[in-house]
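A.B. asks: here is the input, now give the coordinates:
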Amino acid sequence: MEFILEYLPLIIEGFIVTVEVTFFGVIMGLILGTLLAIGDLYGGKIISTLIKIYVEFFRGSSIVVQLFIFYYTIPSMLNTTIDSFIVGLIVFGLNSAAYQKGYIKGAMEAVYEDQMTAALSLGLTKAQAIMYVILPQALRIVIPAWSNEFTSLAKSTAALLVIGERELASAGKTIAAQTWRVLETYTFIAIIYLAWISIVTKILDIIYEKVKIPGIEITT
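C.D. replies: Numbers count the residues shown, from 1 in each chain. The predicted structure follows:
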């Protein structure tokens, strides 16, 4: 597989894009998903309905379709252009938020009733109880689901190919097309995916074991 060395800069470039989009998507998804979960639980019927529509769109449609909409349709309607990398960051963040909202809401519900009662009895307001009591526990419970979301998002970055953004899978496609060494190329790309996803998920598993709340968990 010596030919891989010749294309190593291309692979590294694609891998960096994959990592950036994955981590940005997961982190943006965590922040936005938390806000969506709070809004769904405590925002009232109108806000909850709007959140459900948002979630259904991003969970119910292909991420390829979402990329097309944000890269081609919306810019065309606005008579402008958007960089494909920026579109990737936005779409993966919004998509991840729709999934993480469900994980975080489930985690908050798992600790809500007893913990809220205890917090209110100590003189905290409802907002303070959510911020300082409910959320810290919920975010510990949701780590396994967060790990699953990271894995899914990392593999889904291959969809960026449809808007011309060169990520890891796209780099592999280019190399395979130029060298006709398809098996070796995609084997090497697969090893990279497997290695970095395994390392990150293992780190998250270790963190979860250290901070998990015994007896309280959600189904992922």
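
A.B. asks: buried stuff in the top helix by length along the chain?
C.D. replies: Within the chain, and with DSSP state H defining each element, the longest helix by residue count is helix 84-121. The neighbour-count criterion (16 or more other Cβ atoms under 10 Å) identifies 84-85, 87-108, 110-112, 115-116, 119 as the buried residues of helix 84-121. The way it works is simple: take the backbone N, C-alpha and C, and place the C-beta from them, glycine included.

A.B. asks: for residue 51, give me the pLDDT.
C.D. replies: Residue 51 carries a pLDDT value of 95.

A.B. asks: try residue 214
C.D. replies: pLDDT, residue 214: 66.

A.B. asks: just residue 104 next, same as before
C.D. replies: So, for residue 104, pLDDT stands at 90.

A.B. asks: which ones are touching it?
C.D. replies: By Cβ atoms under 8 Å, 6 or more residues apart in numbering, residue 104 lies in contact with 30, 33-34, 37, 138-139, 142.

A.B. asks: tell me what the helix or strand that contains residue 45 is packed against?
C.D. replies: Assigned by DSSP states H and E, residue 45 falls within helix 44-60. On a contact count with 3 or more Cβ pairs under 8 Å, 6 or more residues apart in numbering; DSSP states H and E, helix 44-60 meets helix 8-42, helix 84-121.

A.B. asks: which parts of the first one are buried?
C.D. replies: Buried positions in helix 8-42, judged by neighbour count with 16+ other Cβ under 10 Å: 10-11, 14-15, 17-19, 21-22, 24-26, 28-30, 32-34, 36-41.

A.B. asks: what sits closest to the residue nearest to the spatial centre of the chain if chain neighbours are left out?
C.D. replies: Nearest to the mean C-alpha position of the chain, by Cα atoms, centre = their mean, lies residue 26 at 3.3 Å. Distance criterion Cβ to Cβ, 6 or more residues apart in numbering; nearest residue to residue 26, sequence neighbours excluded, is residue 150 at 5.2 Å.

A.B. asks: now the element after the helix holding residue 45, going C-ward?
C.D. replies: helix 63-68.

A.B. asks: any regions of the chain where pLDDT drops low?
C.D. replies: The chain contains residues with pLDDT under 70 at 1, 112-113, 214-220.

A.B. asks: 80 instead, please
C.D. replies: 1-3, 110-127, 132, 212-220 (pLDDT under 80).

A.B. asks: quick one: residue 83 and residue 187, what's the gap?
C.D. replies: Applying Cβ to Cβ, to the nearest Å, the value for residue 83 to residue 187 is 32 Å.

A.B. asks: right, I'll call it a day here.
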